[in-house]
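Participant: have a look at this prediction, sequence included:
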Amino acid sequence: MSQYFHSVTLNKEKCKGCTNCIKRCPTEAIRVRNGKAKIIKERCIDCGECIRVCPYHAKKAVTDPFENIYNYKYKVALPAPTLYGQFKNVWDINLILTGLKHIGFDDVFEVARAAEIVTLATKRIINSKKLQKPIISSACPAVVRLITVRFPNLVKNVIPIQSPMEVAARMVKRNISKKMGYKTEDIGVFFITPCAAKVTSSQIPIGLDTSLVDGVISMKEVYLKLVPILDKIDHVENLSCAGMIGISWANSGGESTALENEQNIAVDGIHNVIKVLEELEDEKLSDINFVEALACTGGCVGGPLTVENNFVAKNKITRMAKLISNTAVNDISNTLETVDVSWTNPITYKPILNLDNDMIKAMKKMESLEKIYNDLPGLDCGSCGAPSCRALAEDIVRGFANETDCIFKLREKVRGLAREMMELEGEMPPPFRKNEE
């Protein structure tokens, strides 16, 4: 398995070489070279910002095709609660869940239910006071990856709990194998995702050796299959088992509100998340106990693989959650006693500015980088194909770019050459000089 698997990919044929993506990428993972964008895999956190801003649809998230569910004897859908807010004039969650069985799944298990279990586990860890505060949620894989590549001092603040997607997959595999006698490998568990980061997380799970999620299907694809059949379903099964707390996880603030602590905050949108993480690293938010950080604006409802406007979906999820009573706390507590939701592998810092494995050479390259950077205009215009002047300086040191890629440095060089040409013209040998008489 590749160390740098990514679900966000580039279609070079559609790419027009504009610089929209490089300015929005939070980890400076994109360059434009030779008229085409290039994703630097070591830097990418699969947040999906480039998918949102690309006007030519050259960036896309590679998800599993729906047909993969038929590779298993027993097929289970794990819908993210965001799915419930995608349909106009549909307020019955059971109708949506029944629809999933009509399009090919044998069973359905709500990720919202697993979110309630994660909420209880989080409460217990916070109350144990064993973690360094403020504690940061581990639910958003894009944010966790961001911390591991950019905020080394906050790695220990991330709560070591599996995502609701992984918890749901483990519960499903265990329960169905026990109750119905299927072998684990015969049970196909498929997460219906609003974002690209979950696809990557299923391939390279955070805090785990392996993921029990067998596939991740785009919410858009499932939506297109559900829309034509929902109003044709005669018998709606009672399949929903999640309460208000779990369903509210689809919106920003859902997780932190469920923890019932006034010193919790929720931040959404990857650039807003970065600002908060910078303040946390500078110890400016020491009075905060818990931080819910989600890469997408509005929370998971703002994922790039959703259909409905994120503000409309958020409002709908809020209204649907109010119609549902909370799941019994004792029931959740009993489930938590039988399901281990902790990480098996702690996350570590993965530096991306590694100029050289040799420390002495790396220090010399850093000196060179600083000198080049100081000579650049500092406008961060992006015309060079890099998101900032510092990024261009780094690319030059790494041998991926030239100083004249900067349009201002190129103009200086052209002017210098013009002056030299004029000076040379005055030094022409006598036979070639213009008649000065």
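Facilitator: That came in fine, so what should we check first?

Participant: quickly list the domain ranges of this protein.
Facilitator: Split into domains by automatic domain parsing, the chain comes to 8-61, 66-338, 359-430.

Participant: give me the pLDDT value at Glu42.
Facilitator: At Glu42, the pLDDT value in this model is 86.

Participant: let's number from 107 now, not from 1
Facilitator: Done: numbering now begins at 107, and the last item shifts to Glu148.

Participant: distance check, it against Ala135.
Facilitator: To Ala135, Glu148 is 8 Å away according to CB to CB, to the nearest Å. In short, each C-beta sits where N, CA and C put it, glycine included.

Participant: so for the two, which residue has more residues nearby?
Facilitator: Each of Glu148 and Ala135 has its neighbours counted (other CB atoms under 10 Å); Ala135 has more, 25 against 16.

Participant: quick check: the closest residue in space to the more buried one that isn't next to it in sequence vs Cys124, distance?
Facilitator: Spatial nearest neighbour of Ala135, chain neighbours left out: Arg149 (3.5 Å); criterion: CB to CB, 6 or more residues apart in numbering. When distance is defined by CB to CB, Arg149 is 20 Å away from Cys124.

Participant: same question for Arg496.
Facilitator: According to CB to CB, Arg496 stands 21 Å off from Cys124.

Participant: buried stuff in stretch 173-185?
Facilitator: Within stretch 173-185, the residues that count as buried by 16 or more other CB atoms under 10 Å are Asn174, Ile175, Tyr178, Tyr180, Lys181, Val182, Ala183, Leu184, Pro185.

Participant: my reading is that the fifth one lies in a helix. Confirm?
Facilitator: Read it as Lys181. No - the assignment for Lys181 (DSSP: H, G, I helix; E, B strand; the rest coil) gives strand, which keeps it out of a helix.

Participant: give me the beta-bridge partners of it?
Facilitator: Beta bridges link Lys181 to Gly294 when assigned by DSSP bridges.

Participant: what's the pLDDT at it?
Facilitator: Lys181 is assigned a predicted lDDT (pLDDT) of 97.

Participant: and Leu226, how many neighbours?
Facilitator: By the criterion of other CB under 10 Å, Leu226 has 17 neighbours.

Participant: any idea which helix or strand carries it?
Facilitator: helix 217-234 (DSSP states H and E).

Participant: quick one: buried residues of that helix?
Facilitator: Across helix 217-234, burial judged by 16+ other CB under 10 Å covers 217-228, 231-232.

Participant: and the strands in this protein?
Facilitator: 114-116, 136-139, 142-145, 165-167, 180-185, 213-214, 241-242, 293-299, 321-324, 370-374, 396-400 (DSSP state E).

Participant: so which of those strands is nearest Ala492?
Facilitator: strand 136-139 (5.7 Å; CB to CB).

Participant: tell me which residues of that closest one are tucked away?
Facilitator: Neighbour-count burial for strand 136-139 [16+ other CB under 10 Å]: Ile136, Arg137, Val138.

Participant: give me the contact list for that strand.
Facilitator: Strand 136-139 is contacted by residues 123-125, 127-128, 143-146, 156, 491-493, 497, 501, 506-507 when judged by CB atoms under 8 Å, 6 or more residues apart in numbering.

Participant: what strands line up against it, and which way round?
Facilitator: Strand pairing for strand 136-139, determined by DSSP bridges: strand 142-145 (antiparallel).

Participant: and the strand it pairs with, how far from the chain's centre?
Facilitator: A distance of 19 Å separates the centroid of the chain from that of strand 142-145, by CA atoms, centre = their mean, to the nearest Å.

Participant: please apply the same query to stretch 345-359.
Facilitator: A distance of 20 Å separates the centroid of the chain from that of stretch 345-359, by CA atoms, centre = their mean.
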